[in-house]
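In: next input, structure requested:
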Amino acid sequence: MNWFKYSSPQSFFPLAGRIALGFGALALLTCVAGLYIGFFRAPTDAQQGEAYRIIFIHVPAAWMSMFLYLVMAFWAGWGLAFNTRLSSMMASAIAPTGAMFTFVALWTGSLWGKPTWGTWWVWDARLTSELILLFLYFGFMALQAAIDDARRADKAGAVLALVGVVNVPIIYFSVKWWNTLHQGASISLTKSPTMAATMLTGMAVMAFGFWFYSIAAVLMRARCIMLERERASDWATRYARGST
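Out: Numbers count the residues shown, from 1 in each chain. Below is the predicted model of the structure:
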C-alpha cells in the first residue's frame with residue numbers, strides 16, 4: 001500500500017473518519033473495562049484506603065498529557081521543517097485533547113492530594129511543571145488563533161511547541177531531581193511494579209482507553225480543520241455538503 005498518498009488532506013480525510021470510528025468504539029470499551037477493574041476489582045490500598053482509586057484516572061491522564069505534547073511537537077516540527085500542510089493540521093488537532101488530559105491530571109491530582117497531603121495544591125516540582133505544560137498547550141492554541149494567516153500561525157506555533165518540549169523531561173524526572181511531596185513512579189522499565197497485579201491491569205487498560213480516545217478525538221478534530229482550511233477546494237465542498 002502506498003501510504004504517501006495519504007499525506008494530502010484530500011486523501012487522508014476519509015481514512016481518518018474510518019479510523020476515528022474504530023478507535024472511538026475501542027476507547028469506550030476499554031475505558032469502561034478499566035473503570036470497572038479500578039473501582040470494583042482492585043483491592044483497597046492499605047495506607048490510603050479507597051481514596052487511592054483516583055490513580056486509575058489521574059496517572060493515565062498524566063501519561064497522555066506528556067505523550068500528546070511530544071506527538072504534537074513532532075508534527076509541528078515536521079510541518080515546520082518540510083512545509084507539509086497535513087502535519088501542521090495534526091499538531092493543531094492534538095492540542096485541545098492534550099490540554100484536556102493535562103487539566104484532568106491536575107484536577108484529579110488535587111482531589112487525591114487533599115486526603116493524602118491535607119491540601120488541594122502545593123507548589124510541588126511535578127505539579128508546577130505539569131501546570132506549565134497546561135499553559136504551553138493554551139499558549140500554542142492562543143498563538144495560532146491570534147494569527148490570521150494559517151501558514152504563519154503554524155510556524156509560530158511550531159516554534160513554541162518545540163521550545164516547550166524541554167518541560168516534558170522536567171515533569172517526568174522532577175521527583176528524582178528535587179525533594180518533592182509527589183510520590184515516585186510505581187511503574188518503571190527497570191524495576192518490577194510496586195503495586196498489585198489487579199491495580200496495574202486496571203491502570204494499563206485505562207491508559208489504552210485514553211490512548212484510543214485521543215486517536216479518535218484528534219482525527220475527528222483534524223477532519224474539521226481540513227474542511228475549514230480547504231473549504232475553497234472542490235473536495236472539501238463536496239464533503240461539507242455530505243456527498244461522497
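
In: contacts and neighbour counts: CA atoms only from here.
Out: OK.

In: which non-adjacent residue is nearest G157?
Out: F140 (5.4 Å; CA to CA, 6 or more residues apart in numbering).

In: so which other helices or strands are in contact with the helix or strand of the chain with the lowest mean pLDDT?
Out: Ranking every helix and strand in the chain by mean pLDDT, DSSP states H and E puts helix 234-240 at the bottom, with a mean of 75. Contact analysis of helix 234-240 by 3 or more CA pairs under 8 Å, 6 or more residues apart in numbering; DSSP states H and E lists helix 197-229 as its packing neighbours.

In: how far is the helix it packs on from where the chain is centred?
Out: 8 Å (CA atoms, centre = their mean, to the nearest Å).

In: which strand or helix spans the residue nearest to G157?
Out: helix 125-146 (DSSP states H and E).

In: SS state for M100?
Out: Recorded secondary structure, M100: helix (DSSP: H, G, I helix; E, B strand; the rest coil).

In: residue ranges with poor pLDDT in this structure?
Out: Counting by pLDDT under 70, the low-confidence segments of the chain come to 1-5, 177-194, 242-244.

In: quick one, helices of it?
Out: Remark: helices assigned in the chain by DSSP state H are 9-36, 55-82, 85-117, 125-146, 150-164, 167-177, 197-229, 234-240.

In: redo those as CSV? Include distance to P43 and mean neighbour count.
Out: Listed next are the helices of the chain as CSV, based on distance: least, CA to CA, whole Å; neighbours: other CA atoms under 10 Å:
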stretch, distance to P43, mean neighbour count
helix 9-36, 12, 18
helix 55-82, 13, 21
helix 85-117, 17, 21
helix 125-146, 27, 18
helix 150-164, 38, 19
helix 167-177, 26, 16
helix 197-229, 8, 21
helix 234-240, 50, 15
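
In: out of those, flag the one nearest D45.
Out: helix 197-229 (9.7 Å; CA to CA).

In: which strands or helices does that closest one pack on?
Out: helix 9-36, helix 55-82, helix 85-117, helix 234-240.
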